[in-house]
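A.B. asks: give me a model of this one.
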Amino acid sequence: MYEAVLVGKAKRVDFDEDIIKRNIQIVRKFHYETKTFFQRDFEKKNKQDERDIFGETLIRLAKEYKVSIAVIAEIYGTLLER
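C.D. replies: Below you'll find the model as predicted:
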């Protein structure tokens, strides 16, 4: 989330100061076994998922705005290997 917010801020998106903290608090309330829509789609081998949004788009924008998103890039690379 931190890296995605960095990209957004580089694009001048106006985030609330506590956006990451609030979202983490929400996610912590989920049951341990809860999966995101992305996880469910990803597990279905032939179903289209949002990896282009969460990976390609953020990586492209990070390069454009000269923002380092090493964690997102690493995770995206791992997803592409599957």
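A.B. asks: every contact and neighbour count from this point should use C-alpha atoms.
C.D. replies: OK.
A.B. asks: would you mark the buried spots in the lengthiest helix in the chain?
C.D. replies: Across the chain, the longest stretch assigned as helix under DSSP state H is helix 70-81. Under the neighbour-count criterion of 16 or more other CA atoms under 10 Å, helix 70-81 has 72-73, 76 buried.
A.B. asks: okay, now residue 1: neighbour count?
C.D. replies: 12 (other CA atoms under 10 Å).
A.B. asks: check contacts around it.
C.D. replies: Residue 1 makes contact with residue 20 under the criterion CA atoms under 8 Å, 6 or more residues apart in numbering.
A.B. asks: per-residue confidence for it?
C.D. replies: Per-residue confidence at residue 1 stands at 93 (pLDDT).
A.B. asks: what does residue 52 give?
C.D. replies: We have a pLDDT of 80 for residue 52.
A.B. asks: how many neighbours does it have?
C.D. replies: By the criterion of other CA under 10 Å, residue 52 has 12 neighbours.
A.B. asks: do the same with the one 5 residues further on
C.D. replies: Around residue 57 there are 12 other residues, counting by other CA under 10 Å.
A.B. asks: on that earlier part again, now the longest helix of the chain: how far from the chain's centre is it?
C.D. replies: 10 Å (CA atoms, centre = their mean, to the nearest Å).
A.B. asks: extract the C-alpha trace of that helix and format it as CSV.
C.D. replies: Included here for helix 70-81 are C-alpha records, laid out as CSV according to Å, rounded to 0.1, in the frame of the first residue of the first chain:
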residue,chain,number,x,y,z
ALA,A,70,10.7,-2.4,-5.6
VAL,A,71,8.2,-4.5,-3.6
ILE,A,72,5.4,-4.2,-6.1
ALA,A,73,7.8,-5.0,-8.9
GLU,A,74,9.1,-8.1,-7.2
ILE,A,75,5.6,-9.4,-6.3
TYR,A,76,4.4,-8.7,-9.9
GLY,A,77,7.4,-10.6,-11.3
THR,A,78,6.6,-13.6,-9.1
LEU,A,79,2.9,-13.5,-10.2
LEU,A,80,4.0,-13.5,-13.9
GLU,A,81,6.0,-16.7,-13.2
